[in-house]
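Enquirer: what follows is a predicted structure for the sequence shown.
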Amino acid sequence: MIKVIKPGLQTTVQDKGRIGLYEIGMPPSGAMDKYSFAAANLLVGNHPNAAVLEITYLGPELLFEKGMRISLTGANMPPKINGEPVPMWETLEVKPGDILSFDFVKSGARVYLAVEGGIDVPVIMNSRSTYTLIGIGGYNGRALAAGDVLHTADMKEKDVPVGSRIDEAYIPVFGKAHEIRVVVGLCSYRLTEESKQTFLQTEWTVTPEANRIGYRHRGERLQFVEREQPFGAGSNPSNVTDLGYPIGSIQVPDGVEPIVLLHDAVTGGGYATIATVISSDLNRMGQIKTNEKVRFAAVSLAEALQARRETEEKLMRIAASL
Amino acid sequence: MGAKGVSGVPTRYEYGGDEFIFVQFSEEMSLESNFKGMAITRKLKEKQLEGILDICPSNASYMVRYNPDVLDSEELMDVLQEIEKTTNRLDDVTIASRLVDVPVLFEDPWTHEALMRFRDRHQDPEATDLEYSAKINGYASTEKFIEAITGAPFLVSMIGFVPGLPWCFQMVSREKQIEVPKYVRPRTYTPERAFGFGGAFAVIYPVQGAGGYQLYGIAPAPIYQKEQTLPDFQDSMVFPRQGDIFRYRSITREEYEDIRRQVEDGTFVYRKKDFSFTPGDVLADPEAFSENVMRRLYHD
């Protein structure tokens, strides 16, 4: 059992997500940085879809009431056991009565804490992920609160020795300026040619509205091609007849502040979407903090697929090394 | 790129990153585009292609999420374009639908309180959403406007936004279709079960949250229930299905309270009838189709 002494800013239970229900408006939820999530589970020998804790910006304080192996990956948020610094990206061991806490985050935004066997919460529609907007999944459909007690599940698949470490080459480094690769398309025909260039050339600043739903960016105003709005779309030039929003798609309501939609986002609506963040860079998007800088780089589908393969190969090499 | 789409505009096929393909039949909303999307996504579902994660039909478009490690992106693109080529005759498609009576209390105190809080984000801060919408659609009074909304049924044309939100498109001739703008800036608060209108679509908000549609009233019965205690929610937390036909019926405060009690004690059931139709039945004469639907729902 793990007792929550302090919950941190927002600590939720997440796995790979609730896949296959997008058509009824159910977003997948799931870990924002699936690379760090997968690495955390590998370090404790868990099934790839075992649930972990996703820790955002400010770490929790947790009391372990039984001994177990744990691992911490993702953002650089120096962890301590009983006040003593311990490494991230390594298989650790806690003893009954040990307390895990964190220093302030140095880089990145989200830490993944995996425990041997995974976090045991009810499976709702094939997933243990928390979706707080409607209060389903995870721990009672919400972020952790002081006094909550977590149990471990039985999704351990192999014994990974304490002290096993992920090769430095596979540990992502998170800076304060980010290049995020996108495939331009969807309704990008709605932007003027000049604004398409502006979108790719601007150094955007992440606003305080940056969470599991999406990230809003401040920078330049974008212009849409003037037209008489088609029937059903609504009157603003950024409006289109309501349609589905891909995960990672970017919309620009009224031409101000592009929003990247993430794993808890609405599944559809009436704004023109102009590009989509490629799947491997969604992981890095989830590690960006408010006030950091983002540039969107256009890539082809072939390049997106190549980046996807590289991410998968890294995880396969990590798995082989443990 | 695509085949000749609805109203002569080529269908637009686009990749949404490495996991999505987005297909748009027309930029404007029409029953024809919606039926075309239903027909194609149903055929795609029947193929049961390995690697497809989600098939999401929407208003005048649809979207597919797939795993490119299992299903090649270009191969899927070819499959989708091939299905469109072989889906020219919409009359081959039968839509298994339900006719549903959906009660709505118009001009209720809860949505009124919500919309008054956000007048600074509205096109016409001096009027209510209903007064503004009636005026710009040429209705002499809010009563006449409510009559137009409740006088003909709506096709549930898309589900999404949050779990269970139905986009509903009225089955009337084009000149009678209502169209309203969305708020200038979206509200940060909308009551659960609020009945709203934006673009050409009526919606019910399943849960409390943000929203940009004009607010006219509130439904006493849920369209989303996570506890799944009501009989209509036994199989799914979400009640509406694409292709359903909803008739919004104006009710009194008394009936509202009565239905609320039935919801609370777990006995509420939507008045509904199974019903099959082809797109051709509607497109040939939407008015006659609507009258037939109303008769079936309340008198047969």
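Expert: Right, received. Where do you want to start?
Enquirer: check the gap between the closest residue to chain B within the stretch 101-250 of chain A and residue A:89 for me.
Expert: Using C-beta to the nearest C-beta, the closest approach of the stretch 101-250 of chain A to chain B is made by residue A:232 at 2.8 Å. (Each C-beta comes from the backbone N, C-alpha and C, glycine too.) Distance from residue A:232 to residue A:89, counting by C-beta to C-beta, to the nearest Å: 51 Å.
Enquirer: more neighbours, those two?
Expert: Neighbours around residue A:232 and residue A:89, counted as other C-beta atoms under 10 Å in any protein chain shown, are more numerous at residue A:232. The numbers are 27 against 22.
Enquirer: and that one, what does it touch?
Expert: A:241-242, B:28-30, B:59-60, B:169, B:179, B:199-201 (C-beta atoms under 8 Å, 6 or more residues apart in numbering or on different chains).
Enquirer: what bridges to the most centrally placed residue in chain B?
Expert: Nearest to the geometric centre of chain B sits residue B:167, at 1.9 Å (C-alpha atoms, centre = their mean). Here residue B:167 sits in beta bridges with residue B:158, going by DSSP bridges.
Enquirer: show me what contacts it?
Expert: Counting by C-beta under 8 Å, 6+ apart, residue B:167 has contacts A:242, B:59, B:156-160, B:201-203.
Enquirer: try it again at 7 Å.
Expert: Neighbour list for residue B:167: A:242, B:59, B:157-158, B:201, B:203 [criterion: C-beta atoms under 7 Å, 6 or more residues apart in numbering or on different chains].
Enquirer: mind listing the helices for the chain?
Expert: Let's take chain A. Along chain A, the segments classed as helices by DSSP state H run A:34-43, A:193-201, A:279-285, A:301-321.
Enquirer: chain B was what I was after
Expert: Under DSSP H, chain B gives helices at B:31-47, B:73-85, B:109-117, B:129-136, B:142-151, B:253-264, B:279-284, B:286-298.
Enquirer: wait, which of the helices of chain A is closest to residue B:53?
Expert: helix A:279-285 (11.9 Å; C-beta to C-beta).
Enquirer: spatially central residue for chain A, please.
Expert: Of the residues in chain A (compared using C-alpha atoms, centre = their mean), residue A:32 is nearest the centre, at 1.2 Å.
Enquirer: just give the nearest non-adjacent residue to that one, would you?
Expert: Nearest residue to residue A:32, sequence neighbours excluded (C-beta to C-beta, 6 or more residues apart in numbering or on different chains): residue A:286, at 3.0 Å.
Enquirer: closest one of the contacts of residue B:167 to residue B:114?
Expert: Of these, the one sitting nearest to residue B:114 (C-beta to C-beta) turns out to be residue B:203, at 14.6 Å.
Enquirer: tell me the spacing between that closest one and residue A:151.
Expert: The value you get for residue B:203 to residue A:151, if C-beta to C-beta is used, is 40 Å.
Enquirer: the two: which is more packed in?
Expert: Using other C-beta under 10 Å as the criterion, residue B:203 and residue A:151 rank with residue B:203 on top: 23 against 11.
Enquirer: and the more buried one, bridged to which residues?
Expert: For residue B:203, the beta-bridge partners are residue B:196 (DSSP bridges).
Enquirer: residue contacts, it?
Expert: B:165-168, B:196, B:213.
Enquirer: list the contacts of residue A:55.
Expert: A:8, A:11, A:110-111, A:113.
Enquirer: out of those, which are inside strands?
Expert: A:11, A:110-111, A:113 (DSSP state E).
Enquirer: thinking residue B:250 is in contact with residue B:102, fair?
Expert: No. Using C-beta atoms under 7 Å, residue B:250 makes no contact with residue B:102, being 10.7 Å away.
Enquirer: neighbour count for those two, which is higher?
Expert: Between residue B:250 and residue B:102, counting by other C-beta under 10 Å, residue B:102 is the more crowded of the two (26 against 16).
Enquirer: what about stretch A:79-94, average pLDDT?
Expert: In this model, stretch A:79-94 has an average pLDDT of 98.
Enquirer: ok, residue A:16 touching residue A:30?
Expert: Yes. The criterion here is C-beta under 7 Å, and residue A:16 meets it with residue A:30 at 5.2 Å.
Enquirer: so what's in contact with those two at the same time?
Expert: With C-beta under 7 Å, 6+ apart, residue A:16 and residue A:30 have no common neighbours.
Enquirer: can you pull out the low-pLDDT segments for chain A?
Expert: Nowhere does chain A drop to pLDDT under 70.
Enquirer: domain parsing for it?
Expert: As assigned by automatic domain parsing, chain A contains the domains A:2-170, A:177-312.
Enquirer: that concludes my questions; thank you for your assistance.
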